[in-house]
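[1] need the 3D shape of this:
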Amino acid sequence: MKKKHTILLTGVGAPGVQGTLYSLREIGGTIIGTDADESAVGQYLCDEFHTLPLSSETDSYLTALTKLCEARQVDAIVPQNTAELQILANHKQLFSKLGTHVLVSNPLSIEQANNKYHLLQVANSLEVPTGEFTVCEDIDSLRTQVEQRRSKGLLTVVKPPCGNGSRGVRVIIDAHDRDRCNDFYHKKPSSLFCTLDELHAIIGDEFPELLVMDYLEGEEYTVDILRTDSRFIAIPRKREVMRCGITFRASLERDKQIIEACRQLSDAIDLEYCFGFQFKRNREGIPILLECNPRIQGTMVMSAMAGANIIAEAVRALLGEPQHSMQVDWNTRLIRYWGAVGVNESGVAKI
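    Predicted coordinates:
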């Protein structure tokens with residue numbers, strides 16, 4: 001009889017948790033959800049739920065997680081939170097002693113993939129298109145970078161090299177390009193676009209290292225990737241509509257240039273299991289590398305809907321189980337909508 005696995009899924013308060021669960025249900029068995037937030041929605045969607053300390057409280061986090069894995073005989077940890085990846089990668093042996101496998105690449109690969117500046121340097125060495133980029137630590141050097149791009153008719157984007165979830169990302173615009181009255185009446189509040197003076201007021205004359213890049217206005221792609229000892233598959237999906245950084249409408253696009261770039265980058269950094277890269281087209285239509293997500297991605301469920309359940313196949317590979325065949329339907333489209341759970345004395349209602 002086939003063994004019923006116990007899978008522990010972290011970060012079940014994430015917006016994309018339902019998609020991850022949809023993918024994991026193909027494996028069967030029990031899914032235990034964890035989160036630092038005791039109100040995380042995943043507690044109503046998983047088979048069990050446990051709160052854990054924040055991963056920034058490393059010792060407490062590891063102690064609680066190992067105790068849970070031992071008590072529930074967890075076969076696999078599937079992390080969704082970027083902040084956990086390096087910790088879990090560094091302590092895979094700790095969990096291995098408990099018989100628990102961790103769906104994460106090796107520590108060096110995670111470190112390289114999470115550092116956007118290093119990733120772009122690797123891409124340059126492979127001749128994968130990146131656009132112009134550098135790092136700045138003071139306002140004078142940043143001002144020079146902004147002025148250089150302005151002279152070429154380009155905007156500048158800044159972001160922390162190791163940030164995630166759009167934290168710290170800003171697009172620097174000229175004050176003359178902003179219509180504040182129009183923004184007030186017709187746009188939702190957002191801090192994405194700002195002037196250099198506004199950013200200066202926030203971060204000061206000197207600041208922790210910021211990655212400075214060309215801002216690209218072309219089509220954006222997220223690529224779902226499965227890489228194991230015996231398989232590689234990359235599925236680019238065009239992000240047609242986004243809200244708060246989340247894909248709400250998407251279509252698949254079999255772009256050979258993006259797929260080959262992902263193969264080269266994956267091999268160079270030695271990423272494993274399921275992860276992704278993000279690209280955006282420049283004015284000439286060339287896909288430019290933006291960053292890497294060395295973990296499950298929030299809309300990776302779209303690949304499962306298209307016939308390639310990358311998440312389930314990654315877990316099977318992790319556990320040494322036979323792989324299932326995958327046939328991608330490239331005509332697949334995704335349309336996301338808001339769902340919710342209602343909780344009262346009568347139970348839980350889902351929409």
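[2] looking at stretch 241-257 now, give me its mean pLDDT.
    For stretch 241-257, mean pLDDT is 92.
[3] so which bits of it are buried?
    247-248, 250, 252, 255 (16 or more other CB atoms under 10 Å). Every C-beta, even on glycine, is put in place using the N, C-alpha and C of the backbone.
[4] again with stretch 281-295
    281, 287-295.
[5] before we move on, back to that, which of the buried residues of stretch 241-257 sits closest to Asn81?
    The closest of the buried residues of stretch 241-257 to Asn81 turns out to be Thr247 (CB to CB; 18.5 Å).
[6] now the closest one, what's its secondary structure?
    strand (DSSP: H, G, I helix; E, B strand; the rest coil).
[7] give the contact list for it.
    222, 237, 239, 241, 298-299, 334, 336 (CB atoms under 8 Å, 6 or more residues apart in numbering).
[8] which of those residues are buried?
    Counted by 16+ other CB under 10 Å, the contacts of Thr247 give 222, 237, 239, 298-299, 334, 336 as buried.
[9] got the phi/psi numbers for Met242?
    Phi and psi for Met242, reported as degrees, to the nearest 10, are phi -130, psi 140.
[10] which ones are touching the residue lying closest to it once chain neighbours are set aside?
    Sequence neighbours aside, Phe248 is the residue nearest to Met242 in space, at 6.4 Å (criterion: CB to CB, 6 or more residues apart in numbering). With contacts defined as CB under 8 Å, 6+ apart, the neighbours of Phe248 are 241-242, 335-336.
[11] secondary structure for the residues you listed - can I get that in a markdown table?
    Output for the contacts of Phe248, formatted as a markdown table (three-state DSSP):
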| residue | secondary structure |
| --- | --- |
| Val241 | strand |
| Met242 | strand |
| Ile335 | strand |
| Arg336 | coil |
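[12] from those residues, which two are the most distant?
    Met242 and Ile335, at 13.0 Å, using CB to CB across the contacts of Phe248.
[13] so where's the stretch 1-150 of the chain uncertain?
    For the stretch 1-150 of the chain, the stretches with pLDDT under 70 are 1-2.
[14] show me the contacts for the residue nearest the centre of the chain.
    A centroid search over the chain (CA atoms, centre = their mean) returns Asn293, at 3.9 Å, as the residue closest to the centre. Contact analysis of Asn293 by CB under 8 Å, 6+ apart lists 82, 222, 275-278.
[15] ok, now Gln112?
    Here Gln112 is in contact with 118-119, 122, 269 (CB under 8 Å, 6+ apart).
[16] now do Val146
    156, 172, 196.
[17] could you redo the last one with a cut-off of 10 Å?
    Going by CB atoms under 10 Å, 6 or more residues apart in numbering, Val146 touches 136, 154-156, 158, 172-174, 195-196, 199, 212.
[18] what's the closest non-adjacent residue to it?
    Leaving aside its sequence neighbours, Val146 sits nearest to Thr156 (CB to CB, 6+ apart; 4.7 Å).
[19] now do Ile233
    In space, and not counting its chain neighbours, Ile233 is closest to Leu226: 4.8 Å by CB to CB, 6+ apart.
[20] before we move on, what about Arg281?
    Gly218 (3.1 Å).
[21] how many residues are close by that neighbour?
    Other residues near Gly218 come to 15 when the count uses other CB atoms under 10 Å.
[22] wait, isn't it in contact with Arg239?
    No - taking CB atoms under 10 Å as the definition, Gly218 is not a contact partner of Arg239, at 11.3 Å.
[23] find residues that contact each of those two.
    Common neighbours of Gly218 and Arg239 (CB under 10 Å, 6+ apart) are Lys280.
[24] any chance of a markdown table for the buried residues of stretch 241-257, columns distance to His5?
    Conversion of the buried residues of stretch 241-257 to a markdown table gives the following (distance: CB to CB, whole Å):
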| residue | distance to His5 |
| --- | --- |
| Thr247 | 29 |
| Phe248 | 32 |
| Ala250 | 30 |
| Leu252 | 29 |
| Asp255 | 35 |
